[in-house]
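Undergrad: Need the 3D shape of this:
(2 chains)
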Amino acid sequence: MNFFDEEIILDYLEGNLDGDDSKLFEAELASNEKLSDQVESYRNIILAVRLGGRKKLSQKINSITDNNLKIDTTNFKKSKTIHMNTEKKNSRINIWTIAAGLAFLVIGYGVGKSLKGSQEKVDPKEMFSNNYDPSSSRTASILTDVAKENISSRGADTDDKGKKVMYRGEEITKEEFDKREKLRRDTLMQGLKLFEQSKWGDSKVVLHSYTENHKEPVQDYAVALYYLAKTSLNQELYGVAVENLELFLSTPCENQLLVKDAEWERALCYLIVNENKSKVLFENMAGDNTHAYQDEAKSMLAYFD
Amino acid sequence: MNNNFSENDLIDGLREGRDEIIKYAYDTFKSRAYKIVLSNNGSEHEAESIFHDALIVLIENIRDQKFKGDSLVSTYLTGIIKFKWLNELKKNGRHLNTKEDFPEINLVVNNAIDEELSIIEEKQWQQLELSIEKLKDDCRKLLQLYYYKNEKLKNIAQMMDYTESFVRVKKLRCMSALKSLVEKNIL
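TA: Residues are numbered from 1 along each chain as shown, chains lettered A, B, ... in the order given. As a prediction, the model looks like this:
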């Protein structure tokens, strides 16, 4: 495969590469800076084309409405980027702070609603949407730490001279081991970064490939599994999300924040997939005095009465 | 003007970008933005601007099937307005007057383009915009149909009176031409 072929790059960005080719491309992308630059360049061009389309729609709205305060359609990007340029680092924090506030409001809404009208039978989808935030502040706030702290080196058993190591049952040189380890860590980081950018489809491809190929170190595997589940959840693929969340929860994970989030999200997913199972899971959380989502779980149970 | 458009008329019309439906939505729902923005530390111009942006997001979300008809269009649009205005207030360090008015915000309105905007620097954006303006009309149209309106190649072929295979080739040529223009503008 010629990774620099324009058609291949566009197929990758549009999600049109088949599974094997996609894995090959991802692997190359993780270690090839030039290719990464090319992909980024095409990604920005596509985004600019989309923004151009939006600008055209904006002009159309202005032209067919007779509002006196015409909106400046030439400055879509500018007004937003001035803010980014001066406060780039802070603005990301602000975005997540806002998300945190909104998530709180959303959960608060669900709680309040359940307390007021527990006799009403509510559609599970409505309950789900009132209590699930795809851009959850908790996810965002821990993502950086997860990337920084949890991505660990596998380590290796070296021979007497320290030049050969055992890697997945194979004896390889230390240099080869380092190279493979770098590729592994880069792949996981790339999956997490794509998730952070809300690119669920791209993130899913990378994380799926990672979980297929790297079951160890188990902490990194668990992190990849969790975010793989979240990509499905954010794409509204609840059945797949449940499978991945179950797999994550059966995998040892030291990060209890992730575990509690996963338990809450699994219970919410079951609202769509299997309501009875969902009720049992909420009951378990509601009965656990140490659970971070105990109050939310208690209020959710009111819906099932 | 027909003031009795059904919910389906509204959804179909906005998806297709029909002028009379866009105007109807604009005239009918604009007051919601004014009510929310003016009662929460905003100006008339900000209300207009927020509503304008919210209407664009609504049209895009209907077209991209992110809006699935689970609620009324008006309810969904109100959620977008609230979401956008709350963001604007936070961004500028201002606060809500009436928090009670905001609990039903639906975060599903998050717009992918807005998310991605933050990763492009201002200078880079200007170069990209300039390059798109220099692109030939048919190329710009084809790329926007494909990447902005998410039209299938087959539909684009019908709209532009090409064969599907020609659209496939032309799309690649147009992207190549656009990339060359971007690189020239950078240099």
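
Undergrad: any idea which helix or strand comes after the helix or strand residue B:156 falls within?
TA: Under the assignment given by DSSP states H and E, the secondary-structure element containing residue B:156 is helix B:153-160. Elements were assigned by DSSP H and E; along the chain past helix B:153-160, the next helix or strand is helix B:164-186.

Undergrad: Can you point out the buried residues in that next one?
TA: Neighbour counts using 16 or more other Cβ atoms under 10 Å in any protein chain shown place B:167, B:170-171, B:174-175, B:177-179, B:181-182 of helix B:164-186 among the buried residues. Just so you know, the C-beta spots here come from the backbone N, C-alpha and C atoms, and that holds for glycine as well.

Undergrad: Make JSON lines out of the residues you listed and add distance to chain A and pLDDT.
TA: JSON lines is the format used below for the buried residues of helix B:164-186 (distance: Cβ to the nearest Cβ, whole Å; pLDDT from 0 to 100):
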{"residue": "B:167", "distance to chain A": "14", "pLDDT": "93"}
{"residue": "B:170", "distance to chain A": "13", "pLDDT": "94"}
{"residue": "B:171", "distance to chain A": "8", "pLDDT": "95"}
{"residue": "B:174", "distance to chain A": "9", "pLDDT": "94"}
{"residue": "B:175", "distance to chain A": "6", "pLDDT": "94"}
{"residue": "B:177", "distance to chain A": "11", "pLDDT": "92"}
{"residue": "B:178", "distance to chain A": "6", "pLDDT": "92"}
{"residue": "B:179", "distance to chain A": "6", "pLDDT": "91"}
{"residue": "B:181", "distance to chain A": "10", "pLDDT": "89"}
{"residue": "B:182", "distance to chain A": "6", "pLDDT": "86"}
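
Undergrad: The chain: helices as residue ranges?
TA: All of this refers to chain A. Taking DSSP state H, the helices of chain A run over residues A:6-13, A:19-31, A:33-64, A:76-86, A:88-116, A:124-131, A:137-145, A:174-196, A:200-213, A:218-234, A:238-249, A:256-273, A:275-286, A:294-301.

Undergrad: Can you look at chain B instead?
TA: In order along the chain, chain B carries the following helices (DSSP H): B:7-16, B:19-38, B:44-63, B:73-91, B:112-117, B:122-134, B:137-147, B:153-160, B:164-186.

Undergrad: buried set for the fourth one?
TA: Within helix B:73-91, the residues that count as buried by 16+ other Cβ under 10 Å are B:73, B:76-90.

Undergrad: just checking, what packs against it?
TA: Here helix B:73-91 is seen to pack against helix A:88-116, helix B:7-16, helix B:19-38, helix B:44-63 when contacts are counted using 3 or more Cβ pairs under 8 Å, 6 or more residues apart in numbering or on different chains; DSSP states H and E.

Undergrad: hmm, the shortest one in reach of chain A?
TA: This points to helix B:7-16. No. With Cβ under 8 Å from any Cβ of the partner chain as the measure, helix B:7-16 is seen stopping short of chain A, the closest distance being 10.7 Å.

Undergrad: For chain B, what's its nearest residue on chain A.
TA: Scanning chain A for the residue nearest chain B gives residue A:53, at 2.7 Å (criterion: Cβ to the nearest Cβ).

Undergrad: For that residue, give me its contacts.
TA: By Cβ atoms under 8 Å, 6 or more residues apart in numbering or on different chains, residue A:53 lies in contact with B:144, B:147-149.

Undergrad: nearest to chain A, of the buried residues of helix B:73-91?
TA: Using Cβ to the nearest Cβ, residue B:90 comes nearest to chain A of the buried residues of helix B:73-91, at 4.7 Å.

Undergrad: And stretch B:80-93, how far out from the chain middle?
TA: Relative to its chain's centre, stretch B:80-93 lies at 17 Å (Cα atoms, centre = their mean, to the nearest Å).

Undergrad: which residues of the stretch 51-200 of chain A score low on pLDDT?
TA: In the predicted model of the stretch 51-200 of chain A, residues A:66-163, A:165-170 satisfy pLDDT under 70.

Undergrad: What of chain B?
TA: By pLDDT under 70, the low-scoring segments of chain B are B:1-3, B:93-123, B:185-187.

Undergrad: The same query, at a cut-off of 50, please.
TA: B:1-2, B:103-111 (pLDDT under 50).

Undergrad: In it, what residue comes closest to chain A?
TA: Using Cβ to the nearest Cβ, the point where chain B gets nearest to chain A is residue B:148, with a distance of 2.7 Å.

Undergrad: got a list of what that residue touches?
TA: Remark: with contacts taken as Cβ under 8 Å, 6+ apart, residue B:148 is in contact with A:49-50, A:52-54.

Undergrad: Look up how far residue A:265 lies from residue B:76.
TA: Going from residue B:76 to residue A:265 by Cβ to Cβ, to the nearest Å gives 24 Å.

Undergrad: ok, now residue B:175?
TA: Between residue B:175 and residue A:265 the computed distance is 38 Å (Cβ to Cβ).

Undergrad: mind listing what's buried in the helix holding residue B:156?
TA: Residues of helix B:153-160 classed as buried under the neighbour-count rule (16+ other Cβ under 10 Å) are B:153, B:156-157.

Undergrad: repeat for stretch A:277-289
TA: Neighbour-count burial for stretch A:277-289 [16+ other Cβ under 10 Å]: A:278-279, A:281-283, A:285-286.

Undergrad: And those, which is closest to residue A:179?
TA: Within those, the smallest distance to residue A:179 is 42.8 Å, found for residue A:281 (Cβ to Cβ).

Undergrad: In this structure the closest one contacts residue A:268, no?
TA: No. Residue A:281 is not in contact with residue A:268 according to Cβ atoms under 8 Å; the separation is 9.1 Å.

Undergrad: Tell me how chain A divides into domains.
TA: Chain A breaks down by automatic domain parsing into domains covering A:1-86, A:129-304.

Undergrad: For residue B:136, which of these is the nearest?
TA: Go through those one by one with Cβ to Cβ and the one that ends up closest to residue B:136 is domain A:1-86, at 13.6 Å.

Undergrad: distance of residue A:40 from residue A:33?
TA: Spatial separation of residue A:40 from residue A:33 under the definition Cβ to Cβ is 10 Å.

Undergrad: who's more crowded, the two?
TA: Here residue A:40 and residue A:33 are set side by side on neighbour count (other Cβ atoms under 10 Å in any protein chain shown), and the busier one is residue A:40, at 11 against 8.

Undergrad: Would you check how far apart the more buried one and residue A:186 are?
TA: From residue A:40 over to residue A:186 the distance is 15 Å, taken as Cβ to Cβ.

Undergrad: Also residue A:273?
TA: Residue A:273 is 34 Å from residue A:186, by Cβ to Cβ.

Undergrad: returning to that earlier point: deepest-packed of the helices of chain A, please.
TA: Using mean count of other Cβ atoms under 10 Å in any protein chain shown, the stretch among the helices of chain A with the greatest mean number of neighbours is helix A:218-234 (a mean of 24).

Undergrad: ok, back up a step: could you figure out how far the helix holding residue B:156 is turned away from helix B:164-186?
TA: Helix B:153-160 and helix B:164-186 meet at an angle of 80 degrees, taking axes from the mean of the first three to the mean of the last three Cα atoms, to 10 degrees as the criterion.
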